[in-house]
Structures are given as structure tokens and as C-alpha cells.
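>>> Have a look at this fold, sequence not included:
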């Protein structure tokens, strides 16, 4: 843990000094040790503020799209975060040559809200980053945790109306703070469909129906793109298990179109692609 | 009063809409429960249209497009197939009866099929009863 932090500081310093990166996106101190914050180091003097511990759960790729295209950025990524990078590169939101990827081989981060380790029931929890330039430490060994979709079993086996009870209760809690949207690295649309007034897709004030409109459309917009970092659920102030729905959509994409999102730069995303052989049975 | 289903039909201009037109000109009878909206291609259908239709009180949504391979724009309905398949899974996982959403490929010369699909779908929805899950409960301001 301390090794990774030291390596991170060391690399950040080198990259900023040599000018290979104009900014280093990593983690910084928050109001206590359990709540680190996203941090952008812009000068060599900032490097000392960088920290890394098991509470650094944020997906820093969220901030990449805030910089103009062409900015040289170095970014610290964990396994899920590196998959986000691949998706953003497929969408040409960032260019491969502009980004220096500092891979962090670490899993079992701790969610500061629940105090529990983040496992594959709330995130993808791959051991190592999929794409990186510099790996800050030794690769983590594989471990058999079962499928990340195992957690869905209970919901999938529910009767339709019981599932509706479950989701309608969850979505009724939503206060429409849009923290899920703000935390999501893929939600970079400006304006978001829900902020449009022409057409006005749903009421701006929270109600079950307008919340459903927002969330279901958002799930659809992330189909074949969501990389299961689980940031939406961790950001949610009323604890809606949004990641479960995202997992379900990812699972269906995987089963129907035989491709996992964010695993290879050569892939074309499933929703902007088609195969003539796609069966009509998927519509049943 | 007996329940009359309200069904939103979204039909592609080149096949299903022309097929519906043919059903009309050949005087094939079909239930009047479907309100057909015309789009230029089934890939024009934004899944948010479907969520919105259910929110505004549709009991069912029927999307019609060209047979795969027959799309006027060559590939539109292949994209639509993937999108609408995901939409259906989302609706089902949220807890809405998946039978309320249906996609059919109906070609321009197939007025009879259009009438049959509408007939069958209307009966299915009638059996399911009104859709209350997604429907906005309060009166919508006009």
C-alpha cells in the first residue's frame, strides 16, 4: 500500500518534471484518513499531497473529459478504471497518446460508507488494470471469486411483481441529486437528456415515475459501456443499488452480443455495432 | 366500463406504415386500439420514447420495422434490433410485464400480417389489464 503510494509520487514527480504530463490525476487527503479526495497535481510541489490507501475508491477517469482534448494527462487507475479508459478511447473522448496510464495493481478497496471491502458483488473487481503504461507494483494474482453476476441471482429469480415492488421502493427514494450521473465517467453528455426542456422527458421534481424515466434511460445509455466500477451506488446518498441494474444490463449485453465492455481497444461497442446473424429471438 | 387498451404503435415509413396503409385500402379489419406514429426508420426509435409512452399511460407499445435485410437504409433495423432487445430486458428487469412491449418486422406488402399482429397484441394487452406501474399517478398539467 505504502509502496504503491511512493511509486505513485515518484512517477508523478518524474512526469511533471519532464513535462510528459501537464497534470497528474490521483488521490489527495480529505477531511480524515477514511475519506480521501480526488486530486489533480499540476506542479512538482503538489506531488507531496498525493496519497493512496484502500479508501481511494474513486474512478478518476471521471475528470478526464473535463480537460480539453490534447491535454497531456497522467492518471492513476485501478482495474475497473482502466476499462473506463478503454471505453473513453473507443468513443474518442480521450486519445491514447495523450494519456500516461499509471496502473495500480490492487483490489479489495474499502467503501468508506459501509466499511466493507469492495468485491465483485458491487464492482467488477478484476485484479489488475487491463491497460497501463506503468504498473506501480507487482501484478496481483488471480483468485476465483465466481462471476460478478452471481449477485443478480436473487433478483432474477423473483416474481415480476415482487421485483417491481423492490425497484419501485428503491426508485421512490431517489431525490434526483444526480450524484450517480456526476460520479459516472461515462455520463459526460452536455446537456443530459433529463436537463432538456424541449422535449421535456420527465418532471424535474422527484416522483417514482419521473425517477424511473431518468434511471431506466440512463441504464439504457450505459448499455455496452458500463464497466461496472460501482461508483454510482457508492455516490448515491440514499443507497439505491444502481450497480445491480447496470450489472444486469451488462450481463444481457454479454449474453446477447458476446462482448465484454472495455476489455480491448480494438472492440467496437455493442450498441453502435450489429451482426446480421443477431437472432430475432433476443426480441422475445 | 370495459377496459379498452391504449397501444402506441411506432411504424417505419417504408415497411410497416405502408403495410398498415395496405391493410386500410384492402379493407382488412383490425382493432382501433393502436395509435400509429410514423418514423422514417425503426432505428429512429429512441428507447426513451418507449419509457415515456408507458409513463403517459400506454398499456402496450408495438414497434414495427422492415424485415432484416429489407431496410430502406440498408442497416437501420439491425441497429434497432439490438437497441430494442436491451430495452425489453430493462423493462422486464424493472418489473414491467415484457409482453407489453413488442417488436414486429412487417413488410410493405403484408397488410394482413399487420392486422393480425394488432389483433393478437390487443387481445394480449386486454388480458393483462391496464398498465399502472409506470403511469404517472397525478394529473399532468396541460
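On my side now, so go ahead. Since we're looking at a predicted model, the values are computed, not measured. Numbers count the residues shown, from 1 in each chain, chains lettered A, B, ... in the order given.
>>> Near chain A, which residues of chain B are found?
B:47-48, B:51-52, B:55, B:68-69, B:75, B:78-79, B:81-97, B:103, B:105, B:133-138 (CB under 8 Å from any CB of the partner chain). The C-beta positions use only the backbone N, C-alpha and C, and glycine is treated the same way.
>>> Could you turn the buried ones of those into a PyMOL selection?
Here is the PyMOL selection string for the buried members of the residues of chain B next to chain A, based on 16 or more other CB atoms under 10 Å in any protein chain shown:
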select buried, chain B and resi 47+48+51+52+55+68+78+79+81+82+83+84+85+86+87+88+89+90+91+92+93+94+95+96+97+103+105+133+134+136
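>>> At the geometric centre of chain B, which residue sits there?
residue B:62 (1.2 Å; CA atoms, centre = their mean).
>>> which other helices and strands contact the strand or helix carrying that residue?
Element membership of residue B:62 [criterion: DSSP states H and E] is strand B:60-65. Secondary-structure packing of strand B:60-65 (3 or more CB pairs under 8 Å, 6 or more residues apart in numbering or on different chains; DSSP states H and E): strand B:7-12, helix B:16-25, helix B:47-55, helix B:76-94, strand B:101-105, helix B:111-128.
>>> 6 Å instead?
Counting contacts by 3 or more CB pairs under 6 Å, 6 or more residues apart in numbering or on different chains; DSSP states H and E, strand B:60-65 packs against strand B:7-12, strand B:101-105.
>>> Report the beta-bridge partners for the residue nearest to the centre of chain B.
Beta-bridge pairing for residue B:62 (DSSP bridges): residue B:9, residue B:102.
>>> Same question for residue A:117.
Bridge pairing for residue A:117 - DSSP bridges - gives residue A:110.
>>> pretty sure it contacts residue A:107?
No - contact criterion CB atoms under 6 Å: residue A:117 and residue A:107 do not qualify, at 8.7 Å.
>>> These two: which is more packed in?
residue A:107 (22 against 13; other CB atoms under 10 Å in any protein chain shown).
>>> Could you check how far the more buried one is from residue A:128?
8 Å (CB to CB, to the nearest Å).
>>> just residue B:118 next, same as before
54 Å.
>>> Please apply the same query to residue B:60.
In terms of CB to CB, residue B:60 sits 47 Å off from residue A:128.
>>> who's more crowded, those two?
residue B:60 (25 against 20).
>>> correct me, but the more buried one touches residue B:101?
No - taking contacts as CB under 6 Å, residue B:60 lies outside contact range of residue B:101: 7.2 Å.
>>> Neighbours of the residue of chain A found nearest chain B, how many?
Nearest residue of chain A to chain B (CB to the nearest CB) works out as residue A:164 at 2.7 Å. Neighbour count of residue A:164, defined by other CB under 10 Å: 17.
>>> phi, psi of it?
Residue A:164 has phi and psi values of phi -60, psi -40 when expressed as degrees, to the nearest 10.
>>> Wait, it touches residue B:95, no?
Yes - applying CB under 6 Å, one finds residue A:164 in contact with residue B:95, separated by 2.7 Å.
>>> Start and end of stretch B:2-21, how far apart?
29 Å (CA to CA, to the nearest Å).
>>> ok, and for that stretch, which residues are buried?
B:5-21.
>>> Contacts made by that stretch with the rest, please.
B:33-42, B:45, B:53, B:58-66, B:72, B:106-108, B:110-111, B:114, B:122, B:125-126, B:130 (CB atoms under 6 Å, 6 or more residues apart in numbering or on different chains).
>>> And the residue in chain B positioned nearest to chain A, what's its pLDDT?
Chain A sits closest to residue B:95 of chain B, with a gap of 2.7 Å, by CB to the nearest CB. Among the per-residue scores, residue B:95 shows a pLDDT of 94.
>>> Spit out the contact partners of it.
Counting by CB under 6 Å, 6+ apart, residue B:95 has contacts A:160, A:163-164, A:167.
>>> Now restrict those residues to buried residues only.
Of the contacts of residue B:95, these count as buried by 16+ other CB under 10 Å: A:163-164, A:167.
>>> Pipe those residues into CSV and attach pLDDT per row.
Listed next are the buried ones among the contacts of residue B:95 as CSV, based on pLDDT from 0 to 100:
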residue, pLDDT
A:163, 96
A:164, 96
A:167, 96
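>>> would you turn those into CSV with distance to residue A:202?
Listed next are the buried ones among the contacts of residue B:95 as CSV, based on distance: CB to CB, whole Å:
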residue, distance to residue A:202
A:163, 22
A:164, 19
A:167, 16
